[in-house]
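*Asks:* After the sequence you'll find the predicted model.
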Amino acid sequence: MAPFSVRFIGTCTCVPSGPDQDSTCMVLDHSIMIDTGWNGAINMLAHGEDPNFINFLFITHCHQDHYMGLPGLLFSQVFRNRAKVNKEPLVILGPLPEIKLVVERALYFLRTDVYDDVAPTPVVVPLRPGSSFETPRFTVTTCPTIHPVSGLCYRFTEHDSGKSVVFTGDTAYLESLAQHAQDCDLLVHEASYGPSHHDPNGVNGHSGAPDAAAIAKLANAKRLALVHYNPSSRAATTAAARAIFPNTVAPLPGESLSVE
């Protein structure tokens, strides 16, 4: 089986800083979406990914910048069904209890009560920390994060090779994430505080690049990718992480990292 990859659709903080930016949104193996950003379905097209082939959507937590693009993704599903390019139902997974409400309101926004053909009804799977899930290619395991709302860190492990990628979502520094990410091939970690350490007395539930690098080092990860930071601080943010964990990258929108 060919190596799988992670395409970074959006990498910036909650408010995109320019027309070529989006908040955190990634595509794994061309068929799995992690968070939707503001406008993930449209931005996928600009970066060589097709929303018609998304079969699974994993939401890390239910803050607006991570699910705002959900109505657009749901609306795109009707076109894939009409084109008959993909008949699999969209499966949406996220933290219990919020994920069901978010999906229900996205469908209500699309007025599916009046126009029953604008978005096929997805399968919604609420998850608790510690839950696991199987896709055709990956075993997905979860652990909790530290954030003002319920959050999940996802680890995707390929069945055949055992290769794995971990997405933290938004979280304060949390050493147990290193256990969940132990020996992973790629750790995708937020760095909202840019080159600075997190505020241990803060209530925002975010990390900085040094915190992400410390988790990568504790986890013995092979590579660290930083997301959810202000693009204007990209150079300083990357440098701060590399001082602790040298094999760090800060992907730009559209870049793809292969997990081989």
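*Replies:* Received the coordinates, thanks. Numbering: from 1, shown residues only.

*Asks:* gap between the residue sitting furthest away from the middle of the chain and Leu90?
*Replies:* Relative to the C-alpha centroid of the chain, counting by Cα atoms, centre = their mean, Val114 is the outermost residue, at 31.5 Å. From Val114 across to Leu90, the span is 21 Å (Cβ to Cβ, to the nearest Å). For glycine as for every other residue, the C-beta is placed from the backbone atoms N, C-alpha and C.

*Asks:* Please list all residues in contact with the most centrally placed residue in the chain.
*Replies:* By Cα atoms, centre = their mean, the chain has its centre lying nearest to Ile34, at 3.2 Å. Applying Cβ atoms under 8 Å, 6 or more residues apart in numbering, we find Ile34 in contact with Cys25, Met26, Val27, Leu28, Leu57, Phe58, Thr60, Tyr154, Phe167.

*Asks:* same thing but at 10 Å, please
*Replies:* Going by Cβ atoms under 10 Å, 6 or more residues apart in numbering, Ile34 touches 6, 9, 24-28, 40, 56-60, 66, 154, 156, 165, 167, 169, 188, 227.

*Asks:* gap between it and Asn52?
*Replies:* Counting by Cβ to Cβ, the gap from Ile34 to Asn52 is 18 Å.

*Asks:* Can you tell me, leaving aside adjacent residues, what's nearest to Pro95?
*Replies:* Closest residue in space to Pro95, ignoring its immediate chain neighbours: Ser150 at 4.0 Å, by Cβ to Cβ, 6 or more residues apart in numbering.

*Asks:* Can you name every helix or strand that whichever helix in the chain runs longest contacts?
*Replies:* In the chain, assigned by DSSP state H, the helix with the most residues is helix 70-83. Packing partners of helix 70-83 (3 or more Cβ pairs under 10 Å, 6 or more residues apart in numbering; DSSP states H and E): helix 40-46, strand 56-58, strand 91-95, helix 98-109.

*Asks:* Give me the buried positions along it.
*Replies:* By neighbour count with 16 or more other Cβ atoms under 10 Å, helix 70-83 contains the buried residues Leu70, Pro71, Gly72, Leu73, Leu74, Phe75, Ser76, Gln77, Arg80.

*Asks:* Verify the stated contact: the second one with Gln64.
*Replies:* No - Pro71 sits out of contact with Gln64 when judged by Cβ atoms under 10 Å, with a separation of 12.0 Å.

*Asks:* Leu174 contacts His206, doesn't it?
*Replies:* No - with contact defined as Cβ under 10 Å, Leu174 does not reach His206; the gap is 11.3 Å.

*Asks:* Give me the common contacts of the two.
*Replies:* By Cβ under 10 Å, 6+ apart, the residues touching both Leu174 and His206 are Ile146, His147, His198.

*Asks:* Pick out whichever of those residues sits closest to Cys184.
*Replies:* Proximity of the shared contacts of Leu174 and His206 to Cys184, judged by Cβ to Cβ, is greatest for Ile146, which lies at 19.4 Å.

*Asks:* following the helix or strand Ala235 falls within, which helix or strand comes up?
*Replies:* Using DSSP states H and E, Ala235 maps to helix 234-242. Later in the chain than helix 234-242, the nearest helix or strand by DSSP H and E is strand 248-249.

*Asks:* Need the residues that contact that following strand.
*Replies:* With contact meaning Cβ under 10 Å, 6+ apart, strand 248-249 is reached by 8, 186-187, 189, 191, 209, 212-213, 216, 221, 223-226, 237-242, 255, 257.

*Asks:* From those, list just the buried residues.
*Replies:* Neighbour-count burial (16+ other Cβ under 10 Å) applied to those gives 8, 186-187, 189, 191, 209, 212-213, 216, 221, 223-226, 237-238, 240-242, 257.

*Asks:* Out of those residues, list just those in strands.
*Replies:* Among the buried ones among the contacts of strand 248-249, the members falling in strands (DSSP state E) are Phe8, Leu186, Leu187, His189, Leu224, Ala225, Leu226, Leu257.

*Asks:* which among those residues gets closest to Leu96?
*Replies:* For these, the closest approach to Leu96 (Cβ to Cβ) belongs to His189, at 23.4 Å.
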